[in-house]
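**Student:** return atomic coordinates for the entry below.
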Amino acid sequence: MKQLAYLLLLLCTVAQFTFAQNPMPSLRKQGDVTQFIVDGKPFIMLGGELGNSSASTIQNMQPIWPKLKAMHLNTVLIPVYWELLEPQEGKFDFSLIRDLITEARKNELKIVFLWFGSWKNSMSSHAPRLGQAQPGKVSPCKRQYWPQSGNPEFL
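**Tutor:** Now for the predicted structure:
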């Protein structure tokens, strides 16, 4: 589990650097106050969280983007599932993540991805079917998968 967390942190960091048009978000101490800095200036997050399946396809998201913008949000928390990133063992598809990032930018929204690797709400219902069928066999952290499947386009 710890390896999975490191892998996801690395993936998010690399994606941020690759897509970033500005420096990485950071914390800046100003006297007794600590500010969250995004795009070089203090950022107050006005965020909303999507339902569990809302972002399972980019088509599902099309009617949602305008609603988020109409609520004057600047950030959206989006669940991401392992089963959608690795639909077949060793075959990774990051197109949904790429498309979500692209659409969020078009709508002037920041994204916080909520990773559901396998467990959510006390059930292992978000692992790929192959992981559910053979618990312990499949891990998204197995390094041999990455060279075979290639890196996501944005890495």
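**Student:** just for the protein, where's the confidence low?
**Tutor:** By pLDDT under 70, the weakly predicted segments of the chain are 1-22, 116-155.
**Student:** now do the helices in it.
**Tutor:** Using DSSP state H, the helices of the chain run over 2-19, 58-61, 64-70, 82-85, 95-106, 129-133, 145-149.
**Student:** now do the buried residues in the second one.
**Tutor:** Going by neighbour count (16 or more other CB atoms under 10 Å), the buried part of helix 58-61 is residue 61. From N, CA and C alone the C-beta is placed, and that goes for glycine too.
**Student:** what's the burial count for residue 100?
**Tutor:** Here the count is done by other CB atoms under 10 Å, and residue 100 has 20 residues near it.
**Student:** what sits against it?
**Tutor:** 55, 58, 61, 78, 111 (CB atoms under 8 Å, 6 or more residues apart in numbering).
**Student:** tell me how far the first one lies from residue 29.
**Tutor:** When distances are taken as CB to CB, to the nearest Å, residue 55 and residue 29 turn out to be 34 Å apart.
**Student:** higher neighbour count, those two?
**Tutor:** Between residue 55 and residue 29, counting by other CB under 10 Å, residue 55 is the more crowded of the two (26 against 8).
**Student:** hang on, isn't that one packed against residue 77?
**Tutor:** No - between residue 55 and residue 77 there is no contact under CB atoms under 8 Å: 9.9 Å.
**Student:** and for the two, which residues touch both?
**Tutor:** Shared contacts of residue 55 and residue 77 (CB under 8 Å, 6+ apart): none.
**Student:** list the contacts for residue 103?
**Tutor:** Applying CB under 8 Å, 6+ apart, the residues near residue 103 are 58, 61, 65.
**Student:** again, 10 Å this time
**Tutor:** Residues near residue 103 by CB atoms under 10 Å, 6 or more residues apart in numbering: 55, 58, 61, 62, 64, 65, 109, 111.
**Student:** and what of residue 77?
**Tutor:** By CB under 10 Å, 6+ apart, the contact set of residue 77 is 45, 47, 48, 49, 50, 55, 110, 111, 112, 113, 114.
**Student:** neighbour-wise, which one of the residues you listed leads?
**Tutor:** Of the contacts of residue 77, with other CB under 10 Å as the count, residue 55 tops at 26 neighbours.
**Student:** what is the neighbour count of the residue nearest to residue 107 when sequence neighbours are not counted?
**Tutor:** Nearest in space to residue 107, with sequence neighbours left out and distances taken as CB to CB, 6 or more residues apart in numbering, is residue 65 at 4.7 Å. A total of 16 residues lie near residue 65 under the criterion other CB under 10 Å.
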